[in-house]
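Visitor: Any chance you could fold what I've pasted below:
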Amino acid sequence: MTSLISIIIPTYCEEKNIEWCLKSIKKQKFEKGKIEIVVVDSNSPDNTRKIAKKFADKIINIKSRGVSKARNFGAHIARSEILLFLDADTILAPGFITEIYERFSESNIVCVSGTVAGLEKQGIVDDLFKFFHYNLMNKIAALSAYLGFPFFPTVCCACRKTIFHKVGGFDEGLAIAEDIVFSLKMGKIGKCLVTKGAKAYTSLRRVKKNGRINNYFIYFKNYFRVLILNKKPWINDFPHVQEI
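Guide: The predicted structure follows:
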């Protein structure tokens with residue numbers, strides 16, 4: 001029986017997060033057997049693959065690091081026409097997959113992003129930051145999609161497999177901004193949109209590790225270099241951050 005949607009999750013040392021992510025997929029009320037879960041692991045030395053085997057349909061271990069490489073590999077072996085790229089530290093709200101899938105009923109839709117919120121419960125200062133940060137990110141994604149140049153993070157982003165291959169997938173030479181470059185390419189082919197009906201909760205671990213201001217600085221300076229100067233980012237690899 002062919003699945004209707006394939007969920008591709010790149011991992012590296014995600015033993016503390018992957019189970020919650022996969023459980024949130026399994027709890028989705030979608031046609032039974034119509035979700036394919038593909039976990040592409042970058043040779044984690046921890047229990048990531050062992051935990052994922054309890055829930056995923058396919059576990060692939062690749063020897064080299066690189067989130068774009070993992071996503072591209074997962075897309076290549078996925079059986080479905082609709083691909084959903086999901087981060088391992090992200091949990092889907094009920095109804096997420098149904099909402100995303102139904103958006104592709106319009107033939108001109110090529111890429112759909114859900115909305116993102118922060119996962120961890122913090123103090124009031126961090127909660128306010130979380131609220132404004134993700135609201136701003138969601139509004140930028142929605143407005144940019146409306147204007148025809150979508151800036152989509154791949155926290156929870158779906159696309160058509162045929163269009164994925166048409167644009168060449170994710171740029172494996174980029175350690176940062178690969179998701180924005182990918183969504184911009186999708187926007188040149190067809191209509192992209194953000195749906196409020198599909199909500200996902202993702203970890204703030206990188207913000208917590210790097211600091212709020214420094215985290216923005218890391219992203220913005222590399223986005224400027226990649227998107228404006230059309231050069232490679234300053235960083236060659238995005239350091240992994242364990243859940244903290």
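Visitor: Return the helix or strand in this protein with minimum mean pLDDT.
Guide: helix 205-210 (a mean of 74; mean pLDDT, DSSP states H and E).
Visitor: other SSEs contacting that helix?
Guide: helix 212-223 (3 or more CB pairs under 8 Å, 6 or more residues apart in numbering; DSSP states H and E). For every residue, glycine as well, the C-beta is placed using N, CA and C.
Visitor: all helices in the chain, in order from the N-terminus.
Guide: For the chain, the helices defined by DSSP state H occupy 18-26, 48-52, 67-77, 96-103, 124-147, 161-166, 178-189, 205-210, 212-223.
Visitor: Now do the contacts for the residue nearest to residue 96 when sequence neighbours are not counted.
Guide: The shortest distance from residue 96 to any non-neighbouring residue, by CB to CB, 6 or more residues apart in numbering, is to residue 198 (4.6 Å). Contacts for residue 198 (CB atoms under 8 Å, 6 or more residues apart in numbering) come out as 93, 95-97, 99-100, 112, 114-115, 156.
Visitor: list the contacts for the residue lying closest to residue 17 once chain neighbours are set aside?
Guide: Counting by CB to CB, 6+ apart, residue 17 lies nearest to residue 89, which is 4.4 Å off, once chain neighbours are set aside. Neighbouring residues of residue 89 by CB under 8 Å, 6+ apart: 14, 17, 21, 119, 202-203, 205, 243.
Visitor: pLDDT score for the residue nearest to residue 96?
Guide: Looking at residue 198, its pLDDT is 97.
Visitor: Residue ranges in the chain under the pLDDT threshold?
Guide: 1, 120-126, 238-244 (pLDDT under 70).
Visitor: What does residue 63 show for phi and psi?
Guide: phi -80, psi -20 (degrees, to the nearest 10).
Visitor: Quick one: residues contacting residue 148.
Guide: residue 187.
Visitor: again with the one 10 residues further on
Guide: With contact taken as CB under 8 Å, 6+ apart, residue 158 is in contact with 5, 82-85, 100, 104, 111-113.
Visitor: from the contacts of residue 198, which would you call buried?
Guide: 93, 96-97, 99-100, 112, 114-115, 156 (16 or more other CB atoms under 10 Å).
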